[in-house]
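**Q** output the structure for:
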Amino acid sequence: MNRTFIFVLITILLTLSSSSQVVSGKITYNIQPIDIELDSKSDKINSLNEKIYQVAHKQSFTLEFNAIKSSFILNNLLDSSNIDEQYSKKISNLASMLITSGYNYYLNLLTKTVVLQNADGLLIEEKYDKKNWEITSESKKIADYLCYKAIYIKNYMGRNGKNISIPITAWFAPSLPYSYGPKDYNGLPGLILELQERKTIYFASLITLSKDKELEIEFPKGKTVTKEDYEKKLKAQMGM
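**A** Predicted structure coming up:
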């Protein structure tokens with residue numbers, strides 16, 4: 001256990017001893033502007049990419065949590081007044097898959113399971129994976145909450161079969177001692193109020209806390225498939 005983590009832990013204990021415990025809450029995350037890379041030789045593809053980025057900027061997500069459960073869900077805020085409804089849905093799905101989040105996430109700390117729900121309603125269940133974060137002493141204020149910077153190295157296999165590693169940067173608030181955040185990024189000693197994954201930044205734009213009533217977190221109902229079976233199916237479809 002490094003000195004930085006001990007320092008943050010002491011900060012958490014001092015904060016909890018001087019304030020009443022939050023029992024549940026709701027965080028709305030917006031997406032910060034993302035750099036648009038229009039490098040295709042096709043004007044049609046560049047136009048499509050620009051629309052996808054524009055939609056990604058408009059997306060927002062809601063994290064609801066209590067002591068043992070959380071949900072992270074895309075809000076349906078797309079303005080489709082000038083485009084066909086089906087086309088709008090297709091662009092929104094592409095923005096989610098390519099830039100923000102292609103799934104809704106449901107976490108149960110009691111059963112140590114995560115349920116992912118894709119745009120088609122398919123439910124994928126996997127084991128709760130507590131991330132191995134490196135907590136730093138760097139801090140800043142987000143919405144009047146003192147937050148500390150943490151870094152997690154995400155390792156996964158790309159479609160080309162090669163191993164890929166990318167840094168995930170999170171800013172968490174020790175005064176909100178719940179191990180939740182955007183998507184399936186969890187395990188820090190405080191709520192994540194800002195998170196950067198590649199060039200996509202989720203930032204808390206609205207924080208609603210409850211000290212009296214615990215929110216009920218509803219999980220989607222239906223048949224689930226394991227992550228392993230789902231990945232085997234995807235590889236078969238891609239001829240891998």
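
**Q** can you give me the strands in the chain?
**A** Along the chain, counting by DSSP state E, strands occupy 24-31, 60-65, 69-75, 103-108, 113-118, 123-127, 134-142, 145-157, 163-173, 191-197, 200-210, 224-226.

**Q** point out the most buried one among those strands.
**A** Of all these, strand 191-197 carries the top mean neighbour count, a mean of 24, counting by mean count of other C-beta atoms under 10 Å. For every residue, glycine as well, the C-beta is placed using N, CA and C.

**Q** what angle separates that one from strand 69-75?
**A** If you take axes from the mean of the first three to the mean of the last three C-alpha atoms, to 10 degrees, strand 191-197 sits at 50 degrees to strand 69-75.

**Q** who does strand 191-197 pair up with?
**A** Take DSSP bridges as the rule and strand 191-197 pairs in its sheet with strand 163-173 (antiparallel), strand 200-210 (antiparallel).

**Q** mind putting those strands in TSV, distance to residue 144 and mean pLDDT included?
**A** Supplementary listing: the strands paired with strand 191-197 in TSV, determined by distance: least, C-beta to C-beta, whole Å; pLDDT from 0 to 100:
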stretch	distance to residue 144	mean pLDDT
strand 163-173	10	94
strand 200-210	9	95
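
**Q** looking at those, which is nearest to residue 60?
**A** Closest approach to residue 60 among these (C-beta to C-beta): strand 200-210, 7.3 Å.

**Q** in the chain, where is pLDDT below threshold?
**A** 1-20, 36-41, 77-85, 158-159, 235, 237-240 (pLDDT under 70).

**Q** right, and the strands paired with strand 191-197 - which one's nearest residue 21?
**A** Using C-beta to C-beta, those put strand 200-210 closest to residue 21, at 10.3 Å.

**Q** coming back round to it: in TSV: the strands of the chain, plus distance to residue 218.
**A** Below are the strands of the chain laid out as TSV (distance: least, C-beta to C-beta, whole Å):
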stretch	distance to residue 218
strand 24-31	13
strand 60-65	9
strand 69-75	7
strand 103-108	9
strand 113-118	11
strand 123-127	13
strand 134-142	28
strand 145-157	27
strand 163-173	25
strand 191-197	20
strand 200-210	16
strand 224-226	15
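
**Q** about what we covered before: of the strands paired with strand 191-197, which is nearest residue 130?
**A** Closest among the strands paired with strand 191-197, using C-beta to C-beta: strand 163-173, at 13.6 Å.

**Q** quick check: angle from that closest one to strand 145-157?
**A** 170 degrees.

**Q** tilt between strand 163-173 and strand 134-142?
**A** 50 degrees.

**Q** residues touching strand 163-173, excluding its own?
**A** Strand 163-173 has contacts (C-beta atoms under 8 Å, 6 or more residues apart in numbering) with 133, 140, 142, 145-158, 181, 185, 188-198.
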